[in-house]
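J.: I would like the atomic coordinates for the input below:
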Amino acid sequence: MGNKWTQLDIPDQTGKVIVITGANSGLGLECTKILAGKGGHVVMAVRNMSKGEAARAEVLAKHPAASLDLMQADMGDLSSVKAFADAFKAKYDRLDILLNNAGIMAVPRQETADGFEMQLGVNHLGHFALTGHLIDVIINTPGARVHSVSSSANYMGNINFDDINSEKDYGRWDAYGQSKLANIFFAYELQKRLSAAGVDAISNVSHPGVVIGNLQANSVEQSDTGLEAIAYRLLGPLMAQDISMGVLPMLYGMTAKDAKGGVFYGPRTFNLRGYPAEKKPNKAAYNDADLKRFWEISEQMTGVTFDALDRAGTTA
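T.: So this is what the prediction gives:
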């Protein structure tokens, strides 16, 4: 990797089918604009279709020739996730890039439609299920990539195996840290399983550094926390970087020719800002037994298994 990998280094994406969750705002919308501008066909997976329509219009205003498809997918509802996957597979026979991006941050305790703690449910379990439903298409697409978006909050995260849904004890930042560490657990274990099956696909993960945007605004609004709002206003100019830089680790993992599976990418400078570089996540992500255990728990919670991947391994 060069010291200053930028959007200009993204290979041509013509002919590629790309799914981006949370494509209507923030990092997802920015990636949609960039990858559509590089010729990719982007399937914008959004919870709110009216907001999705506005986002699609914004992309087309910048790239009139952009190839886009807008589809509904609520990552906090497993039935919606499955409906999206079924609809996708009825229309497409390849999936070159799956960007598991949609997320929420540090909100008061709520539950998903399926009774999961909201942050774990949206940030991890919904994407685990989505990837599982699409894995047969992924493994049949040469060179496919699954990229998950984590956060620097992974470093304060802990997978609480004894209270995975934070029912006994809930802290909104603790739950967020767990969900973002879960993204890394998932990306790393998926890579192990892809490699074991001999599949021509990779799974990697990144974090954007400090980017002030809709995640923080939603967290402040739902939590009614004026102090955090003040902190974001004060620290933002000192520590944050523009979204055009924040998406670079994601774009690198998704598109760069030398990006690797099972690797965590983030901003080069103090893990806060700058060009993308390989980074080390929370040391908990190197415990193979815990990765496997968490994967099995995710299967049990969602009812989704990666049977196509298991079958690929037996025939490899």
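J.: Can you tell me which helix or strand of this protein has the lowest average pLDDT?
T.: One helix or strand of the chain scores below all others by mean pLDDT, DSSP states H and E: helix 214-223, with a mean of 53.
J.: packing partners for whichever helix in the chain runs longest?
T.: When secondary structure is assigned using DSSP state H, the longest helix within the chain turns out to be helix 172-197. Taking 3 or more C-beta pairs under 8 Å, 6 or more residues apart in numbering; DSSP states H and E as the contact definition, the neighbouring helices and strands of helix 172-197 are helix 118-120, helix 126-139, strand 144-149, strand 201-206, helix 288-302, helix 307-315. Quick note: C-beta positions are derived from backbone N, CA and C, even for glycine.
J.: so which of the ones you listed comes closest to Phe270?
T.: Between Phe270 and these, the shortest separation by C-beta to C-beta is 15.9 Å, and it involves strand 201-206.
J.: Could you spell out the sheet neighbours of that closest one, each with its direction?
T.: Taking DSSP bridges as the criterion, strand 201-206 pairs within the sheet with strand 144-149 (parallel), strand 264-269 (parallel).
J.: now the angle between helix 172-197 and it, please.
T.: Compare the direction of strand 201-206 with that of helix 172-197 by axes from the mean of the first three to the mean of the last three C-alpha atoms, to 10 degrees and you get 160 degrees.
J.: Dump the C-alpha coordinates for strand 201-206 into PDB.
T.: Listed next in PDB are the C-alpha coordinates belonging to strand 201-206 (Å, rounded to 0.1, in the frame of the first residue of the first chain):
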ATOM      1  CA  ALA A 201     -13.400 -14.100  -2.000                       C
ATOM      2  CA  ILE A 202     -12.100 -12.100   0.900                       C
ATOM      3  CA  SER A 203     -13.600 -10.500   4.000                       C
ATOM      4  CA  ASN A 204     -12.000  -7.500   5.600                       C
ATOM      5  CA  VAL A 205     -13.000  -4.600   7.900                       C
ATOM      6  CA  SER A 206     -12.200  -0.900   8.500                       C
END
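J.: looking only at pLDDT, what's the mean for that strand?
T.: What strand 201-206 shows for mean pLDDT is 98.
J.: which sections of the stretch 51-200 of the chain are below the confidence cut-off?
T.: Within the stretch 51-200 of the chain, not a single segment meets pLDDT under 70.
J.: Could you tell me how many residues sit around Asn287?
T.: 13 (other C-beta atoms under 10 Å).
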